[in-house]
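1. sharing a sequence plus its predicted fold:
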Amino acid sequence: MIPILGKLKIQTAFLALFILVVARQFREAKMRLAPQSRLFWGFLGLAFATIPLATNWFYAYQFAYALALTLVGHFAIVYILRNEQDLRTFFAWFIGIHIYLAVQGISGYSASHFNAQGYTSTGGVGGYFLGDENDFSLALNIALPLAIYLFRQARTTRSRVGWGVGIAAMLITIVFTFSRGGFVGLAAMALYWAVTSTKKSEAIGALALAAIVVIAVAPAEYWTRIGTITGEDPYGTREQRENYWAAARRMFMASPIWGVGGGNFGVLLPDYAYEIPAGLLPNQWGRATHSLYYQLLAEFGLVGVFLIGAVLVLNFRDLRQIRALGRKGRCSGSIEQLAECLRLSWVGVLVSGTFVSVLGYPHLYYLTALTIVVHRLAVADSLSPQPEPSAAKRRAG
């Protein structure tokens, strides 16, 4: 083996090469960097800057390095997807992969895989951001509205049936994960769609059909599990999560400006989890915060909260602007529909993210990239010459 290759990660070489290619393409295309992307550059700089300040430098470096790789994907999406056809092709592959994963999850449930709490569940379908049932349900919550977009855009019966079956498979799999966070995210998405949709009868009809599917496939144990969200939790996971969040607040108070460093919550948890008995503290080392918001607060402080919070505000501002353009007839109906589905995906990730440590997952960064692309297309559409009304319409006016 060549010695230098043993020291140099192959993904690092691809990262450097891809950054050069994407940067060159940006210059040639003369594309302005979206403010969300600029803020992500700032967050990446914060992640690297806090490495020497962190207790565990290696974990902080791992977080920053993984974030850099994820942002390569972010910029690739922003640059490569240039029109609606590109978006539909991207979503077809994206949703196709998630339908495959949903089928794997249903197969796992049928094979009686049991999770840590003793419930039959989907079992594992991957690693990293698909590491357990909560991660899996979160990913499906994000994908589900985008599958609805493809269903609404389908022009043939075969396509509609295919995407419809895929939507049903993902919905059933979310139930089979037995994830309480997944259920809360799904319920929040349904409520948001019912309240904000411009076509309320269509939205309510679709939600009623989805509710029938969920009720038909959900076993009694599922509703018992969901009942522990507000009722008695025999496994103590809710109390454990609350203890972790209390520890995260103390870490923030100890380092409120830039936090304790990426990936360092679990390193410092035994020192800040006062509610956990001393005999159990050694077993808490390396645990996750189980919350996007507390992870951000503890590991990156006020600076991180400002950077990521500003990205989210800008994303929803862009989606609101697309909706306004659609109501005025200044952008295509398909773009307006896609913006509506992206809002639902954002609701899913932000609500379910209350219970999952997703700051290092690609969801936040890739959804932002898609929001940027859709907003760019909507603005370009609104600036293009509008077709002149026909003579008949002018006479009618």
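-> Received, thanks. Numbering: from 1, shown residues only.

2. residue ranges with poor pLDDT in the stretch 151-300 of the chain?
-> Scanning the stretch 151-300 of the chain for pLDDT under 70 picks out the ranges 231-236.

3. and with 80 instead?
-> 230-238, 275-286 (pLDDT under 80).

4. for this protein, which helix is longest?
-> helix 292-327 (DSSP state H).

5. in that helix, what's buried?
-> Using 16 or more other Cβ atoms under 10 Å as the burial criterion, the residues of helix 292-327 that qualify are 292-301, 303-305, 307-308, 310-311, 314-315, 318-319, 321-323, 325-326. Backbone N, C-alpha and C define where each C-beta goes, glycine included.

6. again with stretch 50-63
-> Result for stretch 50-63 [16+ other Cβ under 10 Å]: buried residues 50, 51, 54, 56, 59, 60, 61, 63.

7. residue 354 in helix, strand or coil?
-> coil (DSSP: H, G, I helix; E, B strand; the rest coil).

8. what do you get for residue 198?
-> Going by three-state DSSP: residue 198 is coil.

9. for residue 271, same thing?
-> Per three-state DSSP, residue 271 ends up helix.

10. that one and residue 302, how far apart?
-> Going from residue 271 to residue 302 by Cβ to Cβ, to the nearest Å gives 21 Å.

11. which residues in this protein form strands?
-> Taking DSSP state E as the test, the strands found in the chain are 113-114, 120-121.

12. which residue, other than its chain neighbours, is closest to residue 246?
-> Distances taken as Cβ to Cβ, 6 or more residues apart in numbering put residue 275 closest to residue 246, at 6.2 Å, once the chain neighbours are dropped.

13. ok, back up a step: make CSV out of the buried residues of stretch 50-63 and add distance to residue 86 and pLDDT.
-> CSV is the format used below for these (distance: Cβ to Cβ, whole Å; pLDDT from 0 to 100):
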residue, distance to residue 86, pLDDT
50, 36, 95
51, 36, 96
54, 39, 94
56, 41, 94
59, 37, 94
60, 36, 95
61, 35, 94
63, 31, 95
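
14. packing partners of the longest helix of the chain?
-> helix 35-49, helix 237-254, helix 265-272, helix 333-352, helix 363-383 (3 or more Cβ pairs under 8 Å, 6 or more residues apart in numbering; DSSP states H and E).

15. distance between the last one and the chain's centre?
-> Read it as helix 363-383. Distance, stretch centre to chain centre, for helix 363-383: 15 Å (Cα atoms, centre = their mean, to the nearest Å).

16. buried stuff in that helix?
-> In helix 363-383, counting by 16+ other Cβ under 10 Å, buried: 363-379, 381-382.

17. for the third one, same thing?
-> Applying a neighbour-count criterion of 16+ other Cβ under 10 Å, one finds 265, 266, 267, 268, 269, 270, 272 buried in helix 265-272.

18. ditto for the first one
-> By neighbour count, with 16+ other Cβ under 10 Å as the criterion, the buried positions of helix 35-49 are 36, 37, 39, 40, 42, 43, 44, 46, 47, 48.

19. any idea of the angle it forms with helix 292-327?
-> 170 degrees (axes from the mean of the first three to the mean of the last three Cα atoms, to 10 degrees).

20. quick one: the helices in the stretch 101-250 of the chain, in order.
-> Ranges of helices in the stretch 101-250 of the chain, per DSSP state H, counting those that start in this stretch, are 133-153, 157-176, 180-196, 200-217, 220-227, 237-254.

21. what packs against the second one?
-> In other words, helix 157-176. Going by 3+ Cβ pairs under 8 Å, 6+ apart, helix 157-176 lies up against helix 84-110, helix 133-153, helix 180-196, helix 200-217.

22. output that helix as CSV, restricted to C-alpha atoms.
-> Output in CSV follows, covering the C-alpha atoms of helix 157-176 (Å, rounded to 0.1, in the frame of the first residue of the first chain):
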residue,chain,number,x,y,z
THR,A,157,-52.1,6.5,-14.4
ARG,A,158,-49.1,4.2,-14.0
SER,A,159,-47.1,7.0,-12.4
ARG,A,160,-49.9,8.0,-10.1
VAL,A,161,-50.4,4.4,-8.9
GLY,A,162,-46.7,3.9,-8.4
TRP,A,163,-46.2,7.1,-6.4
GLY,A,164,-49.4,6.4,-4.5
VAL,A,165,-48.3,3.0,-3.5
GLY,A,166,-44.9,4.4,-2.4
ILE,A,167,-46.7,7.1,-0.3
ALA,A,168,-48.7,4.3,1.4
ALA,A,169,-45.6,2.2,2.0
MET,A,170,-43.8,5.2,3.7
LEU,A,171,-46.8,6.0,5.8
ILE,A,172,-47.1,2.4,7.0
THR,A,173,-43.4,2.2,7.7
ILE,A,174,-43.5,5.3,9.9
VAL,A,175,-46.1,3.5,12.0
PHE,A,176,-44.0,0.3,12.1
